[in-house]
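Trainee: A structural model of the following input is requested.
(one chain, ligands or ions: 2)
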Amino acid sequence: MRDQSGGPRVLLRRLRELMAEPLEPQERLDRIVRQIASNMVAEVCSVYVLRADGVLELYATEGLNKEAVHLSQLKMGQGLVGTIAASAQPLNLSDAQSHPAFRYLPETGEEIYHSFLGVPILRGGRSLGVLVVQNKASRNYRDDELEALETTAMVIAEMIATGDLKKITKPGLELDLTRSITIDGDSYNDGIGLGYVVLHEPRIVVTNLLNDDAEKEIRRLAEALGSLRISIDDMLSRREVSMEGEHREVLETYRMFAHDQGWVRKLEEAIRNGLTAEAAVEKVQSDTKARMIRLTDPYLRERMHDFEDLANRLLRMLTGYTGRTLAEGLPADAIIFARAMGAAELLDYPRTNVRGLVLEEGAVTSHVVIVARAMGIPVVGQAAGVVALAENGDAVIVDGEEGHIHLRPLSDLQRAYEEKVRFRARRQEQFRALRAVEPVTKDGQRIHLLMNAGLLVDLPQLSESGAEGIGLFRTELQFMIASTMPKADEQESFYRSVIKQSGSRPVTFRTLDIGGDKVVPYFRGHEEENPALGWRAIRLSLDRPGLLRTQLRAMLRAAADRELKLMVPMVTEVQEIVRVRDILRKEVQHLSRFGHGLPRKLQVGAMLEVPALLWQLDELMEAVDFVSVGSNDLFQFAMAVDRGNARVSDRFDPLGRSFLRILRDIVRAGQRTGTPLTLCGELAGKPLSAMALLGLGFRSISMSPASIGPVKAMLLALDVGALSKVMEDALNDTQAVEPMRHLLEHFAHSHNIPL
Ligand code: PEP
Ligand code: MG
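Mentor: Numbers count the residues shown, from 1 in each chain. Ligands and ions are numbered 1, 2, ... in the order given. Now for the predicted structure:
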């Protein structure tokens, strides 16, 4: 067949000429199918395009009845064409009618054609339509014919993607590429973001599809592959591999792919069929992705991501793409889409432009989410497959309240959300008005509302939110976003800035809480089976006293002539506090010996996160100046549920009797020993749970700055004495069946307390 027709190269050359001619889209498509049919010696060639309503519509045909064009339709998954689109796999049949999925469309007159070859029209692994050739004689198409048809389908994918076919789409209908869709994920940070998609890993658009000289392209490919392999070997041989933020295992997988002969063969074949080297990479990547997209095995899916990263690197090398600078071309209201992302990468975006973050992976407590929360932007995570469905510049709504992403939303949805945003803004306005109002309950109890922070970007929120101080400063964030260990003087000047910017408001610094899920790239311990229960926080600090000493010294120096409050995370035994105090004492002596200024007052606290401390409460409180309950970890350990695992983390209610009784015991111990007590986990940030904490007797709570307003509005309307009685009775009642959450909601509702 190739001999008579000139083969795929000739076909692609003709197609290129057709693409360049000033033709109306229907005319262009008609000529394309005619050209393919004649080149492939097929009696039929047809193009079906996927519409937004999930229907594949016949857009052009050579050989079938012309009247069927724009009339014949098949649903996704229906008939041979629908099967190809749904599976994103080709079908090569010598007798189409005997295939179980075959569906007869009388208007086309296709019953006389026996053999059938259909390929998906793919872009980024997504089916945009189907391209088919048919012959009367019963035959199997050869592999090179299949390859040629797939290559041709890329050209049509380009036509669809550039919007060329819009003009010939029936009014009221849309093509799938522009379909509006809603993807459900998990809500990681509240808020509504309206804006435009910015793909964090930019998709390189290959515009130069067809080559003039296959040998030259193969040489270009070989050169790029060579540099790619060298760059991977180079990364692997560097000792500080982890500084790249990439794990050795991933790099090993890259290396395996880069040397994979199957991959290279496929690339060369696509070039021999007429594609440029970059178009060949894109084609093979799209085919592979289409095959792998339905994988459910998380390990294989991960490998797919690795493969994609590698193919993207190769594309960048071939196209000379140097990457855009972040500020350039960034819309004023950017919603960042990423598969996964490091905290530092998010901070690289100009803050004023970023209106939301969408992640395919992630967890509520992942670093990037903590940073996003500090930036006050809505975040939706665990949104599977969302990156492939989005194009740069697509309109999008991120609903961080419900965990939805609305891609290319219809106008009525857009309007509904604009109204929601206005409503939320009005509420924010009301909260802002409360900033200067003293947080005193209706029955006269003064409450201390503090905020959590960890980065300099958080600090302006102190005065904006009206927080009284910082109840938890997560010092590990500075370490997590740096590529190398912050030096002593860097730590000191960082703490100095925090103290300076906080003015007269007190700051409670927490010593390094790394390990577990808080990974510091340049400081890696051994792989652990149970990292949450592993070598982390104060355990790690005590085993690496140099690290702790440096940090304590930096804090002491930064707080010269001021008050310094510091607390220790993940304390399990009182003895750990004793050891920290020992180290601290030596540091104080050292500094005073060298004539350095010292803090005016020094207070040492413990975070209560490990249940074992519940049976050492009196000794603990004796040993410290204050206690801060880390309810995120305390709940995780008390209920034995991984806080980062969405499957189990919501299984038990922190407002259930058991956890509330634990908290009540802590409050009682604080009262008994006269020890100042605060709580700084997520429980403090929701008005209902904050109300429960006040009812238990907490008088100081620390939360994300955005929560201060809603929590203050709640407490101003609260008679905390009345609530305490109700809660005390309910917690003492061992026969009660009504969930505590209902009881609290009912209390709030019947007392007009805004939640
Ligand atoms: C906690 O565990 O509740 C806490 C405040 O610490 P982190 O969330 O940083 O572990
Ligand atoms: Mg904790």
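Trainee: Not counting residues beside it along the chain, what's closest to Ala280?
Mentor: Nearest-residue entry for Ala280: Ala270, 3.7 Å, with adjacent residues in sequence omitted and distances by Cβ to Cβ, 6 or more residues apart in numbering. In this view, the C-beta of every residue, glycine as well, is placed from N, C-alpha and C.
Trainee: Would you agree that neighbour is in contact with Val284?
Mentor: Yes. Assessed by Cβ atoms under 8 Å, Ala270 is found in contact with Val284 at 6.3 Å.
Trainee: and these two? which has more neighbours close in?
Mentor: Ala270 (27 against 21; other Cβ atoms under 10 Å).
Trainee: Ligand 2 versus the more buried one, what's the distance?
Mentor: Separation of Ala270 from ligand 2 (Cβ to the ion, to the nearest Å) stands at 51 Å.
Trainee: what's the answer for Leu744, then?
Mentor: 24 Å.
Trainee: re the thing from before, tell me how far the one helix or strand the residue nearest to Ala280 maps to is from the chain's mean position?
Mentor: In the assignment (DSSP states H and E), Ala270 maps to helix 261-272. Centre-to-centre, helix 261-272 and its host chain are 33 Å apart (Cα atoms, centre = their mean, to the nearest Å).
Trainee: Return the list of helices and strands in contact with it.
Mentor: Where contact means 3 or more Cβ pairs under 8 Å, 6 or more residues apart in numbering; DSSP states H and E, helix 261-272 is packed against helix 143-161, helix 214-237, helix 277-292.
Trainee: count of neighbours near Gly77?
Mentor: 15.
Trainee: Grab the nearest non-local neighbour of it.
Mentor: Gly77's closest residue in space is Ala86 (Cβ to Cβ, 6+ apart), at 4.2 Å.
Trainee: Tell me which helix or strand the one you found sits in.
Mentor: helix 79-87.
Trainee: Then Lys565?
Mentor: strand 563-568.
Trainee: if we can go back for a sec, buried residues in the helix holding Ala270?
Mentor: Trp263, Lys266, Leu267, Glu268, Glu269, Ala270, Ile271, Arg272 (16 or more other Cβ atoms under 10 Å).
Trainee: now, which of those sits nearest ligand 2?
Mentor: Ligand 2 lies nearest to Trp263 out of the buried residues of helix 261-272, by Cβ to the ion, at 44.2 Å.
Trainee: contacting residues around the closest one?
Mentor: Phe257, Val284 (Cβ atoms under 8 Å, 6 or more residues apart in numbering).
Trainee: Number the chain from 17, please
Mentor: In the new numbering, first residue 17, that becomes Trp279.
Trainee: Assign the residue nearest to Ala700 when sequence neighbours are not counted to helix, strand or coil.
Mentor: Spatially, and ignoring its direct neighbours in sequence, Ala700 is nearest to Ile717 (3.8 Å; Cβ to Cβ, 6+ apart). What DSSP: H, G, I helix; E, B strand; the rest coil gives for Ile717 is strand.
Trainee: returning to what we had before: quickly run through the sheet partners of the strand holding Lys581, with directions.
Mentor: Sheet pairing here is set by DSSP bridges, and for strand 579-584 it gives strand 523-526 (parallel), strand 617-624 (parallel).
Trainee: CA atoms only: put it into PDB for me.
Mentor: The C-alpha trace of strand 579-584 is given here as PDB (Å, rounded to 0.1, in the frame of the first residue of the first chain):
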ATOM      1  CA  GLU A 579      10.100  38.300  76.700                       C
ATOM      2  CA  LEU A 580      10.700  34.900  75.200                       C
ATOM      3  CA  LYS A 581       8.100  32.200  75.200                       C
ATOM      4  CA  LEU A 582       9.100  28.900  73.700                       C
ATOM      5  CA  MET A 583       7.500  25.500  73.700                       C
ATOM      6  CA  VAL A 584       8.400  21.900  72.900                       C
END
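Trainee: For it, give me every contacting residue.
Mentor: 522-527, 553-554, 568, 571-572, 592-593, 596, 615-623, 641-642, 644.
Trainee: For the protein, which residues are neighbours of ligand 1?
Mentor: Applying Cβ under 6 Å from any ligand atom, we find that the chain lies next to ligand 1 at Leu488, Arg490, Asp529, Glu625, Gly646, Ser647, Asn648, Asp649, Cys696, Gly697.
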